[in-house]
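[1] Here is a sequence together with a model predicted from it:
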Amino acid sequence: MSSQKHVRVRFAPSPTGGLHLGGVRTALFNYLFAKNQGGDFILRIEDTDQTRFVPGAEEYIKECLDWCGITPDESPWKEGSFGPYRQSERKPSYRQFAEQLIAKGYAYYAFDTAEELDQQRQIHPNFRYSHENRKTLRNSLSLSAEETAALLQAGAPYTVRIKMPEDELVSFEDLIRGRVTFETKLVDDKVLLKADGMPTYHLAVVVDDRAMEISHVFRGEEWLPSAPVHILLWEYLGWKEEMPQWAHLPLILKPDGNGKLSKRDGDRLGFPVYAMNWKDPKTGDETVGFRERGFLPEAFVNMLAVLGWNDGSEQEIFTLAELIDKFSVERISKAGAKFDFEKSKWFNQEWIKLSSNVELLPKIQHVIEEHLPENVKIDDNFVISILELVKERLIYIEDFWEQASFFFQKPNQYDVDAVKPKWNAEKTAFFEQIALDFANQSEWNAEILEPMFKAKISASGMKIGELMMPFRIMLVGGKFGPDVFQIAAHLGKDEVVERIQLALPKFEG
Ligand code: GLU
């Protein structure tokens with residue numbers, strides 16, 4: 001029945017720091033599923049744990065989704081009719097459900113203080129508040145009704161805990177994993193309502209998913225152990241018929257496949273793990289993100305989409321529109337997906353090649369601006385023609401400068417070691433002459449320059465290679481770059497002549 005519901009999915013991050021790429025992939029899969037099904041993608045900020053709240057994290061999440069092009073249909077910044085979209089703002093709505101659960105015998109008041117619980121942890125290192133020991137702790141199951149009433153009356157602080165059945169099986173149909181079954185005897189009595197009146201994640205997620213009419217939940221595999229608590233809450237609150245369908249996404253693994261990819265792996269292996277730069281406001285620590293590392297959002301999204309999903313063909317490059325069109329839950333794998341940074345770089349390179357020059361232009365202009373004096377502005381058409389020449393070589397947009405700086409400024413050093421040992425007066429004479437010939441040349445393009453240069457070499461009796469490489473070094477500074485005649489053509493006649501004259505003395509003796 002629930003599959004006929006209008007599709008509404010939510011990405012429900014806690015604003016505790018930068019977004020790990022696993023988090024963005026969860027958002028992406030939610031988005032792709034919703035859009036494939038003509039449904040809505042909702043962002044709900046899960047901020048009930050106020051102790052973990054980090055300023056700036058919410059804005060980061062917003063910016064990150066916008067950067068990826070997966071802007072939510074409803075969010076704290078674009079309220080639909082299911083608000084508020086921050087759990088803390090829904091605070092008054094939760095208590096009644098906790099009380100309902102207590103009234104029905106599915107939850108209970110727990111009066112244990114933090115010190116008492118600490119004491120328990122000292123005595124029992126593996127302490128869990130559960131059916132095994134709840135009768136020995138200070139709660140409405142172990143105390144008499146009068147004692148409980150008196151404590152409540154006196155305003156004693158309490159939490160509300162779920163009363164997990166002693167020995168039952170809870171199962172559900174996961175869209176990715178199939179039937180999943182849990183033994184309740186292994187699950188502890190999670191806190192549902194905290195002493196400050198805030199719900200915990202467990203209560204809030206169920207109440208909100210229902211209130212927001214969520215039809216499907218795509219979330220990370222790390223939430224699977226919490227599923228039995230959530231399933232029981234749906235049942236205990238009398239909402240079983242309305243329960244969303246669950247899909248627990250496979251983990252993103254370290255490159256060697258040994259365990260979940262963490263931020264520390266990125267630091268250790270030198271690649272980003274966060275979507276965008278993140279500066280921890282407490283410690284001031286900065287973590288580099290894919291965006292700042294030079295990734296195009298199209299490449300980042302494409303790379304994430306194929307971490308745990310494929311369309312069943314060999315195709316690897318997908319636009320967001322294609323992903324929406326092709327996305328299917330059946331093709332999400334159960335197994336964890338190994339993260340491969342080299343492959344991510346390949347995606348970026350491919351996406352740079354696929355992007356139009358007009359799309360890349362502002363980004364390239366930005367790179368140029370970073371390197372040239374402020375008052376120097378390079379003509380857009382010139383930048384585009386240079387981009388055409390070096391595009392294939394770019395892994396990151398920033399590589400443009402390394403590949404093309406010589407089009408905008410004279411080389412500041414020359415690979416003289418590559419030419420000096422074999423230099424002679426004949427070569428000097430050749431370049432002096434060609435500088436004169438160039439200066440007299442009226443038409444200036446690669447098609448004219450190449451045969452002209454080569455004919456002069458033949459006439460000199462020297463070999464092509466002996467003079468082409470020095471010519472390149474004169475223009476570029478080193479043995480790299482695109483076709484040397486294209487370089488010469490783009491630099492223009494006067495600049496080429498000047499660079500030959502400038503370099504010659506450095507090559508001699
Ligand atoms: N607030 C949880 C998180 O930070 C959301 C888990 C869920 O989607 O149910 O990941």
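    Arrived safely.
[2] can you list the residues of the protein near the ligand?
    By Cβ under 6 Å from any ligand atom, the residues of the chain that approach the ligand are Ala12, Pro13, Ser14, Glu46, Tyr201, Val205, Arg219, Trp223. Yep, even glycine has a C-beta here, placed from its N, CA and C like the rest.
[3] Closest one to Gly80 out of these, please.
    Relative to Gly80, the closest of the residues of the chain next to the ligand is Ala12; by Cβ to Cβ it sits at 15.1 Å.
[4] Give me the contact list for the helix or strand containing Tyr60.
    Here Tyr60 sits within helix 57-68, counting by DSSP states H and E. Applying Cβ atoms under 8 Å, 6 or more residues apart in numbering, the contact partners of helix 57-68 are 11, 13, 15-19, 24, 27-28, 43, 45, 47, 71-72, 75-77, 275-276, 278, 291, 297, 300-301.
[5] so of those, which ones are in strands?
    Phe11, Leu43, Trp278 (DSSP state E).
[6] Now render the residues you listed as JSON lines, adding neighbour count, pLDDT and distance to Gly461.
    Formatted as JSON lines, the ones in strands among the contacts of helix 57-68 follow (neighbours: other Cβ atoms under 10 Å; pLDDT from 0 to 100; distance: Cβ to Cβ, whole Å):
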{"residue": "Phe11", "neighbour count": "26", "pLDDT": "98", "distance to Gly461": "71"}
{"residue": "Leu43", "neighbour count": "26", "pLDDT": "98", "distance to Gly461": "73"}
{"residue": "Trp278", "neighbour count": "24", "pLDDT": "96", "distance to Gly461": "63"}
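[7] Throw those residues into TSV and include distance to Glu443, thanks.
    Below are the ones in strands among the contacts of helix 57-68 laid out as TSV (distance: Cβ to Cβ, whole Å):
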residue	distance to Glu443
Phe11	59
Leu43	59
Trp278	54
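[8] Tell me how far the residue nearest to the spatial centre of the chain lies from Ile448.
    Centroid-nearest residue in the chain: Ala275, 3.3 Å away (criterion: Cα atoms, centre = their mean). Separation of Ala275 from Ile448 (Cβ to Cβ, to the nearest Å) stands at 49 Å.
[9] Could you list the residues in contact with stretch 257-273?
    20-22, 222, 251-255, 274, 287-290, 292-293, 336, 338-339, 341, 344.
[10] if we go to 10 Å?
    17-22, 220-222, 251-256, 274, 278, 287-295, 300, 307, 335-342, 344-345 (Cβ atoms under 10 Å, 6 or more residues apart in numbering).
[11] quick one: which of these sit in strands?
    Short answer: the contacts of stretch 257-273 in strands (DSSP E) are Gly220, Ile252, Leu253, Trp278, Thr287, Ala337, Lys338.
[12] for those, which one is nearest the ligand?
    Gly220 (6.5 Å; Cβ to the nearest ligand atom).
[13] so who does the closest one touch?
    Per Cβ under 10 Å, 6+ apart, neighbours of Gly220: His20, Gly22, Gly23, Arg25, Thr26, His248, Leu249, Pro250, Leu251, Ile252, Lys260.
[14] Put together TSV for these, with neighbour count on each row.
    Output for these, formatted as TSV (neighbours: other Cβ atoms under 10 Å):
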residue	neighbour count
His20	22
Gly22	24
Gly23	20
Arg25	25
Thr26	22
His248	21
Leu249	26
Pro250	20
Leu251	20
Ile252	24
Lys260	16
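[15] Those residues: which two are farthest apart?
    Between all members of the contacts of Gly220, the farthest pair (by Cβ to Cβ) comes out as His20 and His248, at 16.6 Å.
[16] my guess is Tyr109 contacts Ala150, does it?
    No - with contact defined as Cβ atoms under 10 Å, Tyr109 does not count as touching Ala150 (11.9 Å).
[17] shared neighbours of the two, which are they?
    Contacts common to Tyr109 and Ala150, judged by Cβ under 10 Å, 6+ apart, are Leu143, Ala156.
[18] out of these two, which sits in the more crowded spot?
    Tyr109 (21 against 12; other Cβ atoms under 10 Å).
[19] where does that one fall, helix, sheet strand or coil?
    At Tyr109 the chain is in strand, as set by DSSP: H, G, I helix; E, B strand; the rest coil.
[20] In contact with it, which residues?
    98-99, 102, 138-141, 143, 148, 151-152, 156, 158-161, 193.
[21] Repeat that for Pro482.
    Counted by Cβ under 10 Å, 6+ apart, Pro482 has contacts Ile386, Glu388, Leu389, Val390, Lys391, Glu392, Arg393, Gln403, Ala404, Phe407, Val476, His490.
[22] The fifth one belongs to a helix, doesn't it?
    By that I understand Lys391. Yes - counting by three-state DSSP, Lys391 is part of a helix.
[23] residues near Leu137, how many?
    19.
[24] do you know how far Glu58 is from the ligand?
    Glu58 sits 13 Å away from the ligand, going by Cβ to the nearest ligand atom, to the nearest Å.
[25] tell me the pLDDT at that residue?
    You'll see Glu58 listed with a pLDDT of 96.
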